[in-house]
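J.: just coords:
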């Protein structure tokens, strides 16, 4: 797919696959690093003010609500530019797209930093412009890992590579959340300008790693990648086929709800627990417990599934853990004496929801092969972001007179139970695995005829 012919100019290859015509290049790890860092810069730009919102509001002479709404504008930009981003990846390739990501994030962070140099009435406008610019290229950073993993890795390492690159998002957010309070002083709002400069430098340095990214190696890493190159599909045909793919939409429903609830929870977790007597430190630590468990679980799950290929079973188990963890968290959140239970529940929820990111993206490709990875991943994340926006808006209307959000906690638990039920309905032919001769999770009837691979 796509017009791009850019390839990595390296002849160092290793770890041949089962067929001598397929090779794994050592350069794949360098490409992975470039996508990880350049993409991670985008998440750093997104999460810049999350842990220093009050001081940022004072610095820009506005309310905390206005600063928090930057997240909604960023997400809106993501949705508006999802389709153009899919087109750019499809037509121009990974290298050009990652250059665009790096350049826009550098410019976005530069504009935010330079807001200190203009008249006060224009400073907040520049802050918004910079944040929205970051949202414009965010669909590329989310789609790039799946595309990179397919182009550079075989079936025995694809999910692990995808997971590592995808985790640039939560790791970038965690880095910013931890460092921002060390730079920004509650007593000196002007230190927000220093923080903006730090973010610009990070975006610049990380963005330069886009130079390490190439579209594809000289020799394909797997039979499925070679087969896809021999069956070019137009971007319009890809979109048409996605709409007709029923298993993909079941997967999309599961993924979108899980990720939207994860995003919403990480954003308003203090509003969930503080009104019941927990401290802000408690809420932050609960978020860390969920993310940490999810990060560790993601790597372990990816390594196991790259060998066992039990992807469909894993997505069902992921949905179950998410429901179980959040349901118990709802019970624990309403009484600070249950804080130990809350920590365990948050970790279980993160262990279920976070691995679903890369797992669902890989299954999305399996559902829709030979359609390009950027299309299926773009659809998954577009709907996840849309659901996130809806949940964030609704969360503002579910507080009672004391600011408690118990009703929302219960509703979300019920939704997650329904998501688990829907996940049980998910069944698809692992089309890409069939091309590669993978037996696990498939029967003889799952083998694909040439006609099934045609549009």
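T.: Perfect, I can see it now. Just so we're clear, the structure is a prediction, and the values are computed from it rather than from any experiment. Numbering: from 1, shown residues only.
J.: tell me the phi and psi of residue 41?
T.: Backbone torsions for residue 41, taken as degrees, to the nearest 10, come to phi -60, psi -40.
J.: over to residue 24?
T.: phi -110, psi 120.
J.: my read is that it contacts residue 154, right?
T.: Yes - with contacts counted by Cβ atoms under 8 Å, residue 24 reaches residue 154, the gap being 6.0 Å. The C-beta positions use only the backbone N, C-alpha and C, and glycine is treated the same way.
J.: okay, the two: which has more neighbours?
T.: Neighbours were counted for residue 24 and for residue 154 using other Cβ atoms under 10 Å; residue 154 has more, 24 against 21.
J.: how about stretch 171-178: buried residues?
T.: For stretch 171-178, burial by neighbour count (16 or more other Cβ atoms under 10 Å) applies to 171, 172, 173, 174, 176, 177.
J.: quick check: closest non-adjacent residue to the second one.
T.: Spatial nearest neighbour of residue 172, chain neighbours left out: residue 43 (3.5 Å); criterion: Cβ to Cβ, 6 or more residues apart in numbering.
J.: contacting residues around the one you found?
T.: Neighbouring residues of residue 43 by Cβ atoms under 8 Å, 6 or more residues apart in numbering: 141, 168, 169, 170, 171, 172, 173.
J.: against residue 59, how distant is residue 425?
T.: The gap separating residue 425 from residue 59 is 49 Å, by Cβ to Cβ, to the nearest Å.
J.: who's more crowded, those two?
T.: Higher neighbour count among residue 425 and residue 59: residue 59, with 25 against 12, using other Cβ under 10 Å.
J.: my guess is the more buried one meets residue 189, correct?
T.: Yes - the pair residue 59 and residue 189 passes the contact test of Cβ under 8 Å, sitting 3.9 Å apart.
J.: from the contact counts, what lies against the strand or helix carrying residue 422?
T.: For residue 422, the host element (DSSP states H and E) is helix 406-423. Packing partners of helix 406-423 (3 or more Cβ pairs under 8 Å, 6 or more residues apart in numbering; DSSP states H and E): helix 246-273, helix 311-333.
J.: and the contacts of that helix?
T.: 250, 253-254, 257-258, 261, 264-265, 272, 315-316, 318-320, 322-323, 326-327, 329-330, 333-334, 394-395, 398, 400.
J.: buried residues, it. List them.
T.: Of the residues in helix 406-423, 406, 408, 409, 412, 413, 415, 416, 417, 419, 420, 422, 423 count as buried by neighbour count, 16+ other Cβ under 10 Å.
J.: just the strands in this protein please.
T.: 13-14, 24-25 (DSSP state E).
J.: and those, which one's lowest on average pLDDT?
T.: Mean pLDDT is lowest for strand 13-14 out of these, coming in at a mean of 41.
J.: number of nearby residues for the nearest residue to residue 361 once chain neighbours are set aside?
T.: In space, and not counting its chain neighbours, residue 361 is closest to residue 146: 4.6 Å by Cβ to Cβ, 6+ apart. Other residues near residue 146 number 27, with proximity taken as other Cβ under 10 Å.
J.: now do residue 146, the pLDDT please.
T.: pLDDT for residue 146: 85.
J.: where's it relative to residue 43, distance?
T.: Residue 146 is 16 Å from residue 43, by Cβ to Cβ.
J.: equivalent analysis for residue 190, please.
T.: Plainly put, residue 190 is 26 Å away from residue 43 if you go by Cβ to Cβ.
J.: same question for residue 276.
T.: Taking Cβ to Cβ, one finds residue 276 at 30 Å from residue 43.
J.: residue 106 is in contact with residue 201, isn't it?
T.: No - applying Cβ under 8 Å as the test, residue 106 and residue 201 come out as separate, 10.0 Å apart.
J.: so between these two, which is more surrounded?
T.: residue 106 (21 against 13).
J.: and that one, what does it touch?
T.: Per Cβ under 8 Å, 6+ apart, neighbours of residue 106: 200, 203, 204, 207.
J.: contacts only, for the residue lying closest to the first one once chain neighbours are set aside.
T.: Spatially, and ignoring its direct neighbours in sequence, residue 200 is nearest to residue 109 (4.1 Å; Cβ to Cβ, 6+ apart). Contacts for residue 109 (Cβ under 8 Å, 6+ apart) come out as 45, 130, 134, 196, 199, 200, 202, 203, 204.
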